[in-house]
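**Q** Structure for the following, please:
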Amino acid sequence: MRSLVTSARFAVCTVLCATLVTTACQAETQGSLYAALGGRSGVHAIVSDLIDRATASHSTARSFDGANIPRIKRLVEEQICALSNGGCEYTGDPMRDVHAGHEISQSEFFAFADMLDQIMVAHGVSLGARNALIAKLAPMARDIVEAPRQSPAP
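**A** Numbering: from 1, shown residues only. Okay, here's the model as predicted:
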C-alpha cells in the first residue's frame, strides 16, 4: 500500500514538473523572440535591410513612393520589437489607416514577406524565430492588402 501511495505521488510530481517545464519553455520561447532576432541591433539591421530592399524592388517599390523612409524604418522597428516582446511600444497608426488608399496587392504583400524571410536568413535568424515573427505579422494582411492579387510588373 505504501509503495502504491509513493508511486502515485511520484506520478503526480512527474506530471506537475513536466507541466511546469513545458510552461516555462513556452514562456521563454515567446519572451526570447526579440533576442532570437538579435535584440535591438539585430532588429535594426533586419528592418533597415528590408526597407532598403523593398524600396528598390520592382515588386514593392510603388508602395513606398513619396514615403518618409526613416520614419517607416523607425516604426517598423518599434512594431517588430513590440510584437517580439522586446519591451517596445508601437507608436504608429493602425495598419489599416497607414495603408489605406495605397492599393497594396496580395502579390506585393507576399513579396515583402518573402524579402523579410530572406533578410532574416541572411542575418542568421533561426527557422523557428523566422516562423514566429511571420506568424505575428501575417494577420496584418487583412489591414494592408486592398487590391486583388496581381503579378508584379517585369
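**Q** show me what contacts the most centrally placed residue in the chain?
**A** Centroid-nearest residue in the chain: L133, 2.4 Å away (criterion: CA atoms, centre = their mean). L133 makes contact with L33, L37, I80, L83, S84, L116, M120, V125 under the criterion CB atoms under 8 Å, 6 or more residues apart in numbering. Placement of C-beta: from N, CA and C, glycine included.
**Q** that's a helix at it, yeah?
**A** Yes: under DSSP: H, G, I helix; E, B strand; the rest coil, L133 sits within a helix.
**Q** That one and H102, how far apart?
**A** In this view, L133 and H102 are 23 Å apart by CB to CB, to the nearest Å.
**Q** What of A67?
**A** 9 Å.
**Q** ok, now C88?
**A** 25 Å.
**Q** what's the answer for M140, then?
**A** Applying CB to CB to M140 and H102 gives a distance of 13 Å.
**Q** Among the contacts of L133, which are located in helices?
**A** Judged by DSSP state H, helices contain the following of those: L33, I80, L83, L116, M120.
**Q** Thanks again, I'm all set now.
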